[in-house]
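Trainee: Attaching a predicted model along with its sequence, questions to come.
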Amino acid sequence: MAEVILMPRLSDTMTEGVIAAWHKKVGESVKKGELLAEVETDKATMDLESYKDGTLLYTGTDKGGKIQVNDLLAIIGAPGEDISSLVKGGGAAPAPRSSTVPAAAPAPAAAPAGGGIDVSKQEEVILMPRLSDTMTEGVIADWHKKVGDTVKKGDILADIETDKATMELESYKEGKLLFIGAQKGEKIAVNDLLAVIGDEKKVNLDAIVASSKNKGVAGPVAAPAAAQGAAAPVAAQGSEPDHAGLSVSADGRIKASPLARKLAAEKGIDISKVAGSGDNGRIVKKDVDSYTPSKAAATAAQPASAGKPAGISAGQGVVQGQESFEEVPVSQMRKAISRRLSESKFTAPHFYVTMSIDMDSAVQARAKLNETSPVKISFNDLVLKAVAIALRQHPAVNSSWRGETIRVNHHVHIGVAVAIEDGLIVPVVRFADTKSLSQIAGEVKDLAGRAKSKKLQPAEYEGSTFTISNMGMFGVEEFTAIINAPNACILAVSAIQQVPVVKNGAIVPGNVMKLTLSCDHRVVDGATGSAFLQTVKSFLEEPLRMMI
């Protein structure tokens, strides 16, 4: 069955997107995860991946054309499939759609499972937008409106935690908030049902929610009666009473929200023992909060006396060396880090070049610079400045692998890896080669501060051409870093160490720092990477050369 792809909201202020390029033509086969198009937003040009397998049957506009957020971008389906009704009903033209169904109309509500109305075409529906180029799902960090509240265009509807930042989602519709697809703390996939806003007298809310559930959008489908019945004997054998509200999915998994599972794990509660009060017996947060283990469960949790070593009775109740563990849910950011770095490590052939840098002159120069600089300059700022100038001299390092081509960037945008609570993020210092040391220092400090509070916008952590990862503040003597794709290289910066060095034939104390350049061998050869690192070394060992 053909599926409509709507223009996603790729930035928090985006209202429309311009098609910078189509990577697939109508009639071509498309696989899930393949690059479909490049979309220019109000902040950046971003890659749009397909989340469906099939054939590209329709595109909403040609290269250079504009499409409003949530208007028809493309249709993917089977070759030769009739899509005339989808094009007519979901086109990119801004004219009002006529697909709203009055509440009294019985047909949509009575639609069979797997059918019903097409939620993506409903004017009152808000789907989960793609708020970053790598986002596949979002977590509701907070709702600023609750069901029943009046919402105006431009009002902050919710805070969404993506794989890179927590962003405010503005409403682009007006009306009453009639439905929310996920509670605070819960996950919802991109393009799944997030909210319904409109006139409760005109919107067939039941039909919209039912259709979204049939497609697996807003919640799980009720388990077959046979599966529910099979769970009863298991509960009867345990120490907990059977819960009438308990519901088991077709594959035997307990239905529970992600937040409920997380809380249960934190409290050491067996989620299978909790009665669910949500839809179809789904376990939600309040069920875990109100759960009280029975006395029988506490007794059953004690170790049995059978198999105990001699001298330990069942009544002692003390177990030495007991194993325990905690399972922590994977955050959106950690998922993105796992996916992107795995792709980089196992796709790009890495090689590494390490050099020792005499930092004596840099230590002296930094002290003098900070006597007059309006912002405190760090050693990382000196490295960033040296790298920025060196990239101008070695453009091959300032490049990226594009498959059939190598993109040699003429601009220098340096990403600076910043460790935050959930992992790391790489804000970008743009046109770093044109900025002074004090400008670089101020910008890095600002970006790092907002990165740690998750206040960065997509345009501030996208578009790097080279990346620096500094672990010197942790006393790391030497390390290698994984390339931040699509960059061709990343520089690992270690701590400055006071070690014995030979100068003028004598052994004297010196300040030495090791730099390790990780290179994508598809783009950068050993000689190219080594020459670049030599240039960086020359600037850091004679900092005055960077001021010219």
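Mentor: It's in.

Trainee: Please, where are all the helices along this protein?
Mentor: 84-90, 205-214, 225-237, 258-267, 285-289, 295-301, 332-347, 360-372, 379-393, 437-452, 526-541 (DSSP state H).

Trainee: Turn those into JSON lines, columns for mean neighbour count and mean pLDDT.
Mentor: All C-beta spots, glycine's among them, are computed from the backbone N, C-alpha and C. Output for the helices of the chain, formatted as JSON lines (neighbours: other C-beta atoms under 10 Å; pLDDT from 0 to 100):
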{"stretch": "helix 84-90", "mean neighbour count": "15", "mean pLDDT": "74"}
{"stretch": "helix 205-214", "mean neighbour count": "20", "mean pLDDT": "79"}
{"stretch": "helix 225-237", "mean neighbour count": "12", "mean pLDDT": "35"}
{"stretch": "helix 258-267", "mean neighbour count": "18", "mean pLDDT": "72"}
{"stretch": "helix 285-289", "mean neighbour count": "17", "mean pLDDT": "80"}
{"stretch": "helix 295-301", "mean neighbour count": "11", "mean pLDDT": "42"}
{"stretch": "helix 332-347", "mean neighbour count": "16", "mean pLDDT": "86"}
{"stretch": "helix 360-372", "mean neighbour count": "14", "mean pLDDT": "95"}
{"stretch": "helix 379-393", "mean neighbour count": "22", "mean pLDDT": "97"}
{"stretch": "helix 437-452", "mean neighbour count": "19", "mean pLDDT": "94"}
{"stretch": "helix 526-541", "mean neighbour count": "18", "mean pLDDT": "97"}
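
Trainee: Turn those helices into JSON lines, columns for distance to residue 177.
Mentor: Output for these, formatted as JSON lines (distance: least, C-beta to C-beta, whole Å):
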{"stretch": "helix 84-90", "distance to residue 177": "24"}
{"stretch": "helix 205-214", "distance to residue 177": "11"}
{"stretch": "helix 225-237", "distance to residue 177": "33"}
{"stretch": "helix 258-267", "distance to residue 177": "20"}
{"stretch": "helix 285-289", "distance to residue 177": "20"}
{"stretch": "helix 295-301", "distance to residue 177": "40"}
{"stretch": "helix 332-347", "distance to residue 177": "24"}
{"stretch": "helix 360-372", "distance to residue 177": "52"}
{"stretch": "helix 379-393", "distance to residue 177": "46"}
{"stretch": "helix 437-452", "distance to residue 177": "30"}
{"stretch": "helix 526-541", "distance to residue 177": "54"}
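
Trainee: Give the bridge partners for residue 21, please.
Mentor: Taking DSSP bridges as the rule, residue 21 bridges to residue 38.

Trainee: That one: neighbour count?
Mentor: When neighbours are counted by other C-beta atoms under 10 Å, residue 21 registers 13.

Trainee: quick one: it from residue 505, how far?
Mentor: Distance of residue 21 to residue 505, computed by C-beta to C-beta, to the nearest Å: 61 Å.

Trainee: do the same with residue 387
Mentor: From residue 387 to residue 505 the distance is 32 Å (C-beta to C-beta).

Trainee: just residue 60 next, same as before
Mentor: Distance, residue 60 to residue 505, using C-beta to C-beta: 73 Å.

Trainee: Neighbour count: those two, which is higher?
Mentor: Neighbours of residue 60 and residue 505, each counted by other C-beta under 10 Å, are more numerous for residue 60; the result is 23 against 5.

Trainee: Isn't that one up against residue 4?
Mentor: No: at 9.7 Å, residue 60 and residue 4 do not qualify as touching, with contact defined as C-beta atoms under 8 Å.
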